[in-house]
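Asker: Let's see this in three dimensions:
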Amino acid sequence: MKKGFTLVELLGVIVILGLIAMIAIPTINTALNSSRDKAYNEQIKTIENTARTYMSKNSLKLPSQTEGSNCSIGVDTMQKAGLLNADDIENPKYKKDSTEPEESFENFNGKVIVTFTNNKYKYEYVNSSSVPAC
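Answerer: Below you'll find the predicted structure:
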């Protein structure tokens with residue numbers, strides 16, 4: 001009696017493994033993309049909250065309290081003030097040579113626009129801005 005597997009048995013195992021891979025790989029990719037999206041949004045929130053902290057320490061730089069007045073704070077400014085470190089500005093969605101706007105930059109180096117609207121200040125991160133600095 002010979003020991004071992006027949007060619008049919010080996011092919012059957014390979015087919016089963018292929019089917020499992022066809023099901024598992026898209027699910028894993030979806031989970032990875034979802035976690036990158038969440039991390040990206042958390043980075044944006046961190047930068048916007050850091051801008052709030054920066055402006056609370058530099059309240060004289062806030063835009064006037066007239067509806068629609070605004071100014072911007074650069075990520076580099078918050079970094080120089082010691083409020084952001086290198087981990088806070090890494091883009092988790094970065095892909096080299098990507099044409100997608102959210103994936104094309106390795107580090108967040110944009111600005112947070114501070115706008116006075118509805119009797120409160122609104123903070124919004126943008127990649128580039130022509131709004132004057134605070």
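Asker: Every contact and neighbour count from this point should use C-alpha atoms.
Answerer: Noted.
Asker: now the helices for the protein?
Answerer: Under the criterion DSSP state H, the chain contains helices at 7-57, 75-80.
Asker: any idea how far the residue sitting nearest the centre point of the chain lies from S129?
Answerer: Per CA atoms, centre = their mean, the C-alpha nearest to the average position across the chain is that of Y40, at 1.9 Å. Using CA to CA, to the nearest Å, Y40 is found at 20 Å from S129.
Asker: and if you look at L62?
Answerer: L62 is 17 Å from S129, where distance means CA to CA.
Asker: cool, T115 as well?
Answerer: Using CA to CA, one gets 13 Å for the distance from T115 to S129.
Asker: Tell me how many other residues crowd L62.
Answerer: By the measure other CA atoms under 10 Å, the count of residues near L62 is 18.
Asker: What distance do you get for it to N107?
Answerer: Applying CA to CA to L62 and N107 gives a distance of 26 Å.
Asker: again, but for L10
Answerer: With CA to CA as the criterion, L10 and N107 are 48 Å apart.
Asker: between those two, who's got more neighbours?
Answerer: The residue with more neighbours, out of L10 and N107, is N107; 17 against 11, by other CA under 10 Å.
Asker: which one is that one nearest to, not counting chain neighbours?
Answerer: E90 (4.5 Å; CA to CA, 6 or more residues apart in numbering).
Asker: How about K96?
Answerer: Nearest non-adjacent residue to K96, counting by CA to CA, 6+ apart: S104, 6.8 Å away.
Asker: wait, what's in contact with the one you found?
Answerer: Residues counted as contacts of S104 (CA atoms under 8 Å, 6 or more residues apart in numbering) are 94-98.
Asker: again with G74
Answerer: By CA under 8 Å, 6+ apart, the residues touching G74 are 109-112, 133.
Asker: Need the pLDDT of it.
Answerer: pLDDT for G74: 90.
Asker: residues contacting the spatially closest residue to D88 that is not a sequence neighbour?
Answerer: Spatial nearest neighbour of D88, chain neighbours left out: Q43 (6.4 Å); criterion: CA to CA, 6+ apart. If you count contacts by CA under 8 Å, 6+ apart, Q43 has them with 88-91.
Asker: again, 10 Å this time
Answerer: Q43 makes contacts with 37, 49, 87-92, 108, as judged by CA atoms under 10 Å, 6 or more residues apart in numbering.
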